[in-house]
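Trainee: Fold the following and give me the result.
(one chain, ligands or ions: 1)
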Amino acid sequence: MRVCLVFVGLLAGLLLANCSNKPKEGVPDKPTFAEHIAPIIFKNCSPCHRDSGAAPFPLTSYGQVRGKAKTIAKVTEKRYMPPWPADPSYSHFVGEKYLSDAEIATIKRWVDQGCATGKDGIYLQWKAPAWRSNIGKPDMVLPLEPVALLPNLQDRFFLVKIPGLLPRDTWVRAIEFVAGEPNLVHHFNGHILMYEPGAKKNHAKPPLNMEITSGEYDSDFIKLDLLNDNDSKPYRLHSAVNYLPGVQATAYPNGIGIFRLTKMFTIVGNDLHYGPGNRKTTDKSYINLFFTDKPPARETRELMLGTNGVSRISPPLQIEPNTRSRHSTRFQVDADISLLTVNPHLHMLGKSIKGYAIKPNGDTVKLISIPKWDFRWQYFYTFKNPVHLPAGTWIISEAEFDNTLANPNNPNRPPKRVGERLEYGGASMRAGDEMFQFILTYMLYQKGDEKISLETDER
Ligand code: HEC
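Mentor: So this is what the prediction gives:
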């Protein structure tokens with residue numbers, strides 16, 4: 001009987017699909033959660049909107065999506081969600097998250113029509129992967145020492161030590177910090193110390209963390225017992241793993257290595273910053289490592305234009321109060337390179353940023369355009385295939401800043417003169433100072449690189 005009903009239902013469905021429910025420009029006449037909405041939400045929203053995810057509420061079931069339906073229609077129509085600041089009509093990247101016009105119209109129609117469930121839509125549930133990662137299944141997981149947090153409404157800063165041991169020196173193709181309490185972890189800045197064979201007997205001695213006040217950054221080597229046994233400093237890979245809410249780690253396919261880890265290493269969080277907490281909880285953050293087992297790994301390198309980097313900003317980044325200004329920076333590469341990833345970085349006054357390259361033959365290669373800069377979404381944008389830039393290519397980045405009160409993100413009210421703090425070598429971590437960086441990750445070019453797919457299986 002049941003089978004029969006299902007069959008009749010199917011038949012009716014087919015008939016409907018054939019006449020009244022015909023898609024109009026890719027938008028179904030009667031969208032349902034089961035058939036149309038769940039696939040869009042689960043792919044583009046749930047990875048952040050999940051229990052203890054980066055977003056403030058979960059969107060992993062019909063009930064949850066329906067509960068927010070009107071707002072969802074609004075924020076998708078405005079393209080406020082999912083956050084994807086790069087202009088998809090300028091260039092494309094791996095794992096890009098933006099909805100097509102048809103998807104946005106489908107959501108709107110579904111909401112306008114009262115949020116139909118569709119067959120078994122009520123029971124559909126986003127399935128969280130068995131591991132917490134934006135990349136995939138890690139090869140090694142290093143938990144941080146758990147930190148007890150209180151509802152004390154105060155910022156807290158920690159130095160943390162995360163010792164690791166491997167059977168042999170190993171190439172890393174991705175490293176990722178996963179916040180245990182994403183609403184509370186404000187940022188993590190991690191460096192890696194690599195110990196040469198025999199340089200240190202025990203690199204895992206407690207304490208594994210200690211609370212510091214902001215700015216107390218230089219004495220960590222002694223406090224956390226990080227020096228080699230002969231008191232010399234081990235090699236330090238600076239800023240190897242960083243986290244800000246919204247930042248997603250970059251992963252390259254097997255065979256491309258970002259750095260080589262020694263058997264004995266320690267990740268030093270300097271620092272781990274918690275924002276003011278409103279509840280009692282224990283943060284259990286951790287670090288995921290992804291290795292490449294295809295030797296020899298192709299090695300990546302970094303190039304930073306702008307503040308603290310290899311190229312000057314013109315005109316210099318000093319922005320007078322109540323003005324808007326445009327600046328650019330350019331650098332000529334002296335070797336053939338394969339560009340993998342770009343990471344534009346501005347602070348609160350940034351309005352837009354663009355990056356492109358001009359090859360020696362005069363061709364322009366569009367790299368990235370972010371027409372509306374949003375400080376919160378600072379992604380590493382990885383191209384679908386490496387971009388070959390021959391020796392002699394100019395890489396150019398242009399940015400616009402708004403130091404008026406019309407900029408709602410202006411941290412200074414009234415506006416102040418801001419810019420690079422040259423007395424500190426340009427960079428400043430204070431969000432009230434401005435920065436302009438265009439950071440590139442590349443490999444030295446080898447024939448055929450253009451054909452490598454930088455999509456990883458896991459995404
Ligand atoms: C990269 C992580 C991320 C993704 C992907 C994401 N969101 Fe969000 N979302 C957030 C964060 C963080 C906030 C809270 C901050 C804010 O409102 O900007 C948020 C806020 C929201 C809000 C509340 C906005 C408001 O004005 O109150 C809605 C609704 C929403 N998201 C819906 C969606 C939908 C629908 C999708 C997928 C189409 C999506 N989000 C994808 C991180 C994400």
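Trainee: Below-threshold pLDDT in this structure: ranges please.
Mentor: Low-confidence segments of the chain (pLDDT under 70): 1-24, 214-219, 246, 421-432, 457-459.
Trainee: Would you mind listing what in it touches the ligand?
Mentor: 44-45, 48-49, 54-56, 68, 71-72, 75-76, 81-83, 97, 99, 246 (CB under 6 Å from any ligand atom). Yep, even glycine has a C-beta here, placed from its N, CA and C like the rest.
Trainee: swap the cut-off to 5 Å and go again
Mentor: 44-45, 48, 54-55, 71-72, 75, 81-82 (CB under 5 Å from any ligand atom).
Trainee: List only those of the residues you listed flagged as buried.
Mentor: 44-45, 48, 54-55, 72, 75, 81-82 (16 or more other CB atoms under 10 Å).
Trainee: Can you pick out the most distant pair from those?
Mentor: A54 and I72 (16.7 Å; CB to CB).
Trainee: Out of the buried ones among the residues of the chain next to the ligand, flag the one nearest to R132.
Mentor: A54 (11.5 Å).
Trainee: and the closest one, what helix or strand is that in?
Mentor: Remark: A54 resides in no helix or strand, with elements defined by DSSP states H and E.
Trainee: Kindly report the same for I287.
Mentor: Going by DSSP H and E, I287 is part of strand 286-292.
Trainee: Also R260?
Mentor: Per DSSP H and E: strand 259-261 holds R260.
Trainee: elements contacting that strand?
Mentor: strand 170-178, strand 185-195 (3 or more CB pairs under 8 Å, 6 or more residues apart in numbering; DSSP states H and E).
Trainee: Angles on the backbone of the closest residue to P88 other than its chain neighbours, please.
Mentor: Using CB to CB, 6 or more residues apart in numbering and skipping the chain neighbours, the partner closest in space to P88 is Y98 (5.6 Å). Main-chain torsions, Y98, degrees, to the nearest 10: phi -150, psi 150.
Trainee: next one: the one 4 residues further on
Mentor: Backbone torsions of A102, given as degrees, to the nearest 10, read phi -70, psi -40.
Trainee: so who does the closest residue to it other than its chain neighbours touch?
Mentor: Nearest non-adjacent residue to A102, counting by CB to CB, 6+ apart: G26, 3.4 Å away. G26 makes contact with 100, 102, 106 under the criterion CB atoms under 8 Å, 6 or more residues apart in numbering.
Trainee: can you rerun that using 10 Å?
Mentor: Residues in contact with G26 (CB atoms under 10 Å, 6 or more residues apart in numbering) are 100-103, 105-106.
Trainee: I175 contacts A240, doesn't it?
Mentor: Yes. Between I175 and A240 there is a contact under CB atoms under 10 Å: 6.3 Å.
Trainee: if we can go back for a sec, which members of the contacts of G26 are classed as buried?
Mentor: 103, 105-106.
Trainee: List just the nearest of these to the ligand.
Mentor: Closest approach to the ligand among these (CB to the nearest ligand atom): E103, at 8.3 Å.
Trainee: how close does the closest one sit to F265?
Mentor: Using CB to CB, to the nearest Å, E103 is found at 43 Å from F265.
Trainee: Over to P129?
Mentor: To F265, P129 is 26 Å away according to CB to CB.
Trainee: So between these two, which is more surrounded?
Mentor: Neighbours were counted for P129 and for F265 using other CB atoms under 10 Å; F265 has more, 25 against 11.
Trainee: check which helix or strand covers the more buried one.
Mentor: Using DSSP H and E, F265 falls in strand 264-274.
Trainee: Give the partner strands of that strand in its sheet and their orientations.
Mentor: strand 156-165 (antiparallel), strand 185-195 (antiparallel) (DSSP bridges).
Trainee: I'd like to check the angle between the shortest one and strand 170-178, please.
Mentor: Counting by axes from the mean of the first three to the mean of the last three CA atoms, to 10 degrees, strand 156-165 lies at 150 degrees to strand 170-178.
Trainee: same check, this time on the last one
Mentor: If you take the same axes, to 10 degrees, strand 185-195 sits at 160 degrees to strand 170-178.
Trainee: Could you dump the strands paired with strand 264-274 into TSV and include distance to F93 and mean neighbour count?
Mentor: Formatted as TSV, the strands paired with strand 264-274 follow (distance: least, CB to CB, whole Å; neighbours: other CB atoms under 10 Å):
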stretch	distance to F93	mean neighbour count
strand 156-165	30	20
strand 185-195	23	21
